[in-house]
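Participant: Requesting a structural model of the entry that follows:
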Amino acid sequence: MTRPPLDKRDWIAGLEKGLLILESFDSEHARMTPSEAAERTGMTRTAARRYLLTLEHLGYVQGDGKQFGLTPRVLRVGWSYFDSARLPKLVQPYLQQLSAAINESVYVSVLDGWELVFIARNGVSRVMTTGFVLGARVPAPLASPGVILLAYRSDIDSLREWLDSTQLRPFTPHTLTHKTRLMEAIRQARADGFAVIEQQLQIGVRGVAVPLKSRHGEVVAALSTNMPMGKEETESALARVLQPLQDTALAMLNVL
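Facilitator: Model (predicted):
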């Protein structure tokens with residue numbers, strides 16, 4: 001994803017590097033030494049250590065003298081989005097009505113780079129969950145809302161370049177990692193105006209998504225549902241949920 005260039009006079013390199021350190025932690029790197037953090041961020045060990053110590057002083061990481069890990073304080077930064085952003089608040093009443101109408105969990109999500117982020121949801125109670133928590137991030141090509149958002153991107157060349165340089169991880173035996181077939185699925189979603197994804201991230205789960213457009217015709221997010229497949233055929237599932245999804249997306253035109 002490209003952004004407009006920023007004047008060098010306005011750039012704060014220290015802030016960039018501090019955020020790089022925070023973003024370098026993940027499930028496979030829950031605790032890191034300064035050397036490991038340096039390797040993941042491209043910094044020197046000395047610089048990474050200084051940033052880690054500063055973040056520790058501010059309460060965002062904690063260390064034992066050798067390794068560092070994130071603290072719950074980092075959630076203040078992420079959760080501020082849900083407290084301040086306009087879009088999640090605007091869509092919530094619509095999600096409540098839609099979820100009640102189709103008896104499925106429903107979501108609004110947006111792209112962050114090449115990842116899909118779920119920013120609003122309304123769920124139904126199930127013994128086995130088939131959904132996503134707020135703030136969950138997944139590879140965009142492997143979820144129905146991600147596919148529909150990629151389908152409506154104008155810079156298709158950058159999508160091809162990203163796919164060419166990315167190794168797609170198989171989450172299930174059904175995960176689509178063949179890049180040519182993935183591009184075909186994205187093109188089909190654009191032609192259809194909706195996306196259906198089955199068992200890409202979780203066995204036995206189907207996702208259906210439609211684009212959310214502003215009153216100016218710009219695609220700003222995706223509206224989707226996740227459901228257990230059970231014995232319901234794809235066509236039957238679409239007949240049950242697609243029209244309510246499309247009607248809700250149309251109704252949201254008035255507020256987006």
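Participant: quick one: Ala48 and Pro34 touch, right?
Facilitator: Yes: Ala48 is in contact with Pro34 according to Cβ atoms under 8 Å; the separation is 4.7 Å. C-betas here are computed from N, CA, C, even on glycine.
Participant: Looking at the two, which one has more neighbours?
Facilitator: More crowded of Ala48 and Pro34, by other Cβ atoms under 10 Å: Ala48, with 26 against 23.
Participant: did I read that right, the more buried one in a strand?
Facilitator: No: Ala48 is assigned helix when assessed by DSSP: H, G, I helix; E, B strand; the rest coil, not a strand.
Participant: Leu75: neighbouring residues, count only.
Facilitator: Counted with other Cβ under 10 Å, the neighbours of Leu75 add up to 11.
Participant: what comes up buried for the helix or strand harbouring it?
Facilitator: Assigned by DSSP states H and E, Leu75 belongs to helix 74-84. Buried residues in helix 74-84, counted by 16 or more other Cβ atoms under 10 Å: none are found.
Participant: Next secondary structure after that helix?
Facilitator: Next along the chain after helix 74-84, taking DSSP H and E as the criterion, comes helix 86-102.
Participant: strands paired with the helix or strand just after that next one, and their directions?
Facilitator: Sequence order places strand 105-112 as the next helix or strand after helix 86-102, per DSSP H and E. If you go by DSSP bridges, strand 105-112 pairs up with strand 115-122 (antiparallel), strand 219-228 (antiparallel).
Participant: Helix, strand or coil: sort out the residue in the chain sticking out farthest from the centre for me.
Facilitator: Most distant from the centre of the chain: Gly65, at 34.1 Å, with distances by Cα atoms, centre = their mean. Reducing the assignment at Gly65 to three states with three-state DSSP gives coil.
Participant: which regions of this protein sit below the pLDDT cut-off?
Facilitator: Across the chain, the ranges flagged by pLDDT under 70 are 1-3, 125-131.
Participant: Send me the top helix by length along it as PDB with only the CA atoms.
Facilitator: Of all the segments of type helix in the chain, defined by DSSP state H, the longest one is helix 234-252. Extracted in PDB, the C-alpha atoms of helix 234-252 (Å, rounded to 0.1, in the frame of the first residue of the first chain):
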ATOM      1  CA  THR A 234     -23.100 -23.000  -0.900                       C
ATOM      2  CA  GLU A 235     -26.100 -22.100  -3.100                       C
ATOM      3  CA  SER A 236     -28.400 -22.500  -0.200                       C
ATOM      4  CA  ALA A 237     -26.200 -20.400   2.100                       C
ATOM      5  CA  LEU A 238     -26.000 -17.600  -0.500                       C
ATOM      6  CA  ALA A 239     -29.800 -17.700  -1.000                       C
ATOM      7  CA  ARG A 240     -30.200 -17.200   2.800                       C
ATOM      8  CA  VAL A 241     -27.600 -14.500   3.600                       C
ATOM      9  CA  LEU A 242     -26.500 -12.700   0.400                       C
ATOM     10  CA  GLN A 243     -29.500 -10.500  -0.100                       C
ATOM     11  CA  PRO A 244     -29.600  -9.400   3.600                       C
ATOM     12  CA  LEU A 245     -25.900  -8.500   3.300                       C
ATOM     13  CA  GLN A 246     -26.500  -6.500   0.200                       C
ATOM     14  CA  ASP A 247     -29.600  -4.700   1.600                       C
ATOM     15  CA  THR A 248     -27.700  -3.800   4.700                       C
ATOM     16  CA  ALA A 249     -24.700  -2.500   2.700                       C
ATOM     17  CA  LEU A 250     -27.100  -0.400   0.600                       C
ATOM     18  CA  ALA A 251     -28.700   1.000   3.800                       C
ATOM     19  CA  MET A 252     -25.300   2.000   5.100                       C
END
